[in-house]
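Asker: next come a sequence and a model predicted from it.
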Amino acid sequence: MKKMYKIVLVILLFMGIENMKAQDSYGGLALYTVRDDMATNTRATLQAVAETGYLNIEAAGYKDGKYYDMTPENFKNLTKELGLNAISTHQSSVTLENADKEMASAKAAGFKYFVVPIPPMGLFKYDNETNTMSMTGGAENLANILTTLGKKADEYGLQLLYHNHDFEFMKDADGVVIIDYLLENTDPKYVNFQMDLFWVTKAGADPVAYFEKYPKRFKSWHVKDMDKEGKFAPVGTGSIDFARILKHKKKSGMKYYMVEQDNSWEEQPLDVIVISHKALKKFGFK
């Protein structure tokens, strides 16, 4: 009887530890932050992400039908094994021609959201000399492309999101604010948005104002901070008022958020994600 009691006690203790781990795991990480580590050792990097306390992940490593050189099915199995939820994937290589293949891969890998991270199909432009981003083709053309992709994503049981940078919040050559046009000329049944809070702030726009004007359209957020020089910084070390923004979570429609830091400068990416995760609760993120 005593032996049985000890066994039950051990089981209950183990369950308690597991529940504690589950409670301590929250928030998401955009794997673009640790892209170099992912390319070197995918399993070890994802293990470190999980041990840091992140619960959800967003991929940014799709190529030739694979995620980080793994089949979609193997990537799905690995994330499940490590207790991570594969929520979204950035698919910068998507075109109208390869959309079926890429969306089938995303579905097989277990993702919910198919994110278009930049204007696709060669529309995105980056000027190395001025360090500025832009696009060609016009807002109407991009809206039509996103609508076509969004309808196809719906067929695969995925939700399509468009991720912003700063240039979409500025007037283009035609005097059109691209993000406004996209929000007003796409059907929320097929096209919604991932708001990058850093880039909105960089553009001089107010995230909350967009939540109020276009409620429920921003299903995901990228959470990253801005230092005094206007550069990427770990969450909680910069100037962005995340607490204020988070108060309007419901109005925005946000279901998931992903910590991201495009460049960690002198610090190691696996170190800065720890700093960011520790700061999340300070602002009220769960």
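Answerer: Done, it's in.

Asker: residue ranges for the strands of this protein, please.
Answerer: For the chain, strands defined by DSSP state E occupy the ranges 28-30, 56-59, 62-63, 66-67, 85-90, 113-116, 124-127, 132-135, 159-163, 191-196, 218-223, 225-226, 232-233, 256-259.

Asker: would TSV of the ones you listed with distance to Ala39, mean neighbour count and mean pLDDT be doable?
Answerer: Glycine gets a C-beta too; all of them are placed from N, C-alpha and C. Converted to TSV, the strands of the chain look like this (distance: least, C-beta to C-beta, whole Å; neighbours: other C-beta atoms under 10 Å; pLDDT from 0 to 100):
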stretch	distance to Ala39	mean neighbour count	mean pLDDT
strand 28-30	15	28	99
strand 56-59	13	24	98
strand 62-63	11	15	98
strand 66-67	12	22	98
strand 85-90	15	23	98
strand 113-116	20	25	99
strand 124-127	21	12	97
strand 132-135	24	16	97
strand 159-163	21	24	99
strand 191-196	23	26	99
strand 218-223	21	26	98
strand 225-226	25	20	98
strand 232-233	20	22	98
strand 256-259	19	24	98
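
Asker: any chance of those in JSON lines, plus distance to Trp265?
Answerer: Compiled in JSON lines, these are given as follows (distance: least, C-beta to C-beta, whole Å):
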{"stretch": "strand 28-30", "distance to Trp265": "17"}
{"stretch": "strand 56-59", "distance to Trp265": "22"}
{"stretch": "strand 62-63", "distance to Trp265": "26"}
{"stretch": "strand 66-67", "distance to Trp265": "27"}
{"stretch": "strand 85-90", "distance to Trp265": "22"}
{"stretch": "strand 113-116", "distance to Trp265": "25"}
{"stretch": "strand 124-127", "distance to Trp265": "20"}
{"stretch": "strand 132-135", "distance to Trp265": "20"}
{"stretch": "strand 159-163", "distance to Trp265": "22"}
{"stretch": "strand 191-196", "distance to Trp265": "19"}
{"stretch": "strand 218-223", "distance to Trp265": "18"}
{"stretch": "strand 225-226", "distance to Trp265": "13"}
{"stretch": "strand 232-233", "distance to Trp265": "8"}
{"stretch": "strand 256-259", "distance to Trp265": "16"}
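
Asker: for these, which one sits closest to Asp206?
Answerer: Closest to Asp206 of the strands of the chain, according to C-beta to C-beta: strand 191-196, at 11.4 Å.

Asker: how about stretch 68-83: buried residues?
Answerer: 68, 70, 72, 74-76, 78-79, 83 (16 or more other C-beta atoms under 10 Å).

Asker: now it: mean pLDDT?
Answerer: Averaging pLDDT along stretch 68-83 gives 98.

Asker: who touches it?
Answerer: 25, 38-39, 42-43, 46-47, 50, 55, 57, 59, 61, 63, 65-67, 85-86, 105-110 (C-beta atoms under 8 Å, 6 or more residues apart in numbering).

Asker: many thanks, have a good one.
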